[in-house]
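Trainee: what's the 3D shape of this:
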Amino acid sequence: MSEGGIAGSAAYYRVEIIAKLFNLTVRRIQQLTQDGVLPTVETPEGRRYDLVPTIQRYVQYLSDKAYGKNHSEKELELKEQKMRAEIALKESQGELHRLKTDIASGRYISVEEVTVDYEKFFLTFKKFALALPARLTDMVSANMDPLEARRTEREIQGEVNQLLTAFVVAGITEKDLKKGKAAHGKGNKG
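Mentor: Numbers count the residues shown, from 1 in each chain. Sure, this is the predicted structure:
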């Protein structure tokens, strides 16, 4: 081992030398370094291993491993992550069970049922809104010229139609557009 110390009594070595010294592969030394078992030092030549602390830490690692004390920080972190994931899974399973129970007890209704109810409501609303101009004109026709009353009714009818169109356009979704293309040839009610 001709690669020697840089400053004082410290001796810094490349990963290949440490691997050869411990009779391990370079990849295994890199793994031990990544796991925090073996320390490195930044030198002008790059990251190197200080021989004495590296040997001490590796001997301690082997001793801990032999006596079942091999709980690196990474291992503890992984166990903690696993425990958090298990807790999240249990919570989501509990939430899923609550939802299934609520559905079974009738607290929720299907999207299809809501859609049908809304369609019925808006058809009724449209008929109501379209009937307003004629009803308003009937109410004021006694005080107006018949031609003026009819012109006013047409203007109100146009305004109501314009507002209903804007209302429908604001409520259209991508799904409605796709469904509308398929149903476009069937004829429109309403």
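
Trainee: How about residue 108, nearest residue that isn't a chain neighbour?
Mentor: The shortest distance from residue 108 to any non-neighbouring residue, by CB to CB, 6 or more residues apart in numbering, is to residue 102 (5.9 Å). Placement of C-beta: from N, CA and C, glycine included.

Trainee: same question, residue 26
Mentor: Of all residues not flanking residue 26 in the chain, residue 19 sits nearest, at 4.7 Å (CB to CB, 6+ apart).

Trainee: Just the pLDDT for the residue nearest to residue 108.
Mentor: Residue 102 carries a pLDDT value of 87.

Trainee: And what about it, helix, strand or coil?
Mentor: Secondary structure assignment for residue 102 (DSSP: H, G, I helix; E, B strand; the rest coil): helix.

Trainee: residue ranges for the strands of this structure, please.
Mentor: Using DSSP state E, the strands found in the chain span residues 12-13, 41-43, 46-50.

Trainee: which helices and strands sit right next to the shortest one?
Mentor: Strand 12-13 is packed against strand 46-50, helix 51-66, with contacts defined by 3 or more CB pairs under 8 Å, 6 or more residues apart in numbering; DSSP states H and E.

Trainee: nearest to residue 109, of those?
Mentor: Residue 109 lies closest to helix 51-66 among those, at 59.8 Å (CB to CB).

Trainee: tell me the angle of the closest one relative to strand 46-50?
Mentor: Angle of helix 51-66 versus strand 46-50, following axes from the mean of the first three to the mean of the last three CA atoms, to 10 degrees, is 70 degrees.

Trainee: Next, the buried residues of helix 51-66.
Mentor: Buried residues in helix 51-66, defined by neighbour count with 16 or more other CB atoms under 10 Å: 51, 54, 57, 58, 61.

Trainee: what do you get for stretch 104-117?
Mentor: For stretch 104-117, it's none, nothing buried (16+ other CB under 10 Å).

Trainee: got the contact list for it?
Mentor: With contact meaning CB atoms under 8 Å, 6 or more residues apart in numbering, stretch 104-117 is reached by 99, 102.

Trainee: Mind doing that once more with 6 Å?
Mentor: Contact with stretch 104-117 is made by residue 102, as judged by CB atoms under 6 Å, 6 or more residues apart in numbering.

Trainee: Send me that stretch as PDB with only the CA atoms.
Mentor: C-alpha atoms of stretch 104-117 as PDB (Å, rounded to 0.1, in the frame of the first residue of the first chain):
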ATOM      1  CA  ALA A 104     -75.300   0.600   2.000                       C
ATOM      2  CA  SER A 105     -77.400   2.600   4.400                       C
ATOM      3  CA  GLY A 106     -78.500   5.000   1.700                       C
ATOM      4  CA  ARG A 107     -76.600   8.100   2.600                       C
ATOM      5  CA  TYR A 108     -75.200   8.400  -0.900                       C
ATOM      6  CA  ILE A 109     -77.000   8.100  -4.200                       C
ATOM      7  CA  SER A 110     -75.700   7.100  -7.600                       C
ATOM      8  CA  VAL A 111     -74.400   9.600 -10.100                       C
ATOM      9  CA  GLU A 112     -76.900   8.300 -12.700                       C
ATOM     10  CA  GLU A 113     -79.800   9.000 -10.300                       C
ATOM     11  CA  VAL A 114     -78.600  12.500  -9.600                       C
ATOM     12  CA  THR A 115     -78.100  13.100 -13.400                       C
ATOM     13  CA  VAL A 116     -81.600  12.000 -14.100                       C
ATOM     14  CA  ASP A 117     -83.000  14.300 -11.300                       C
END
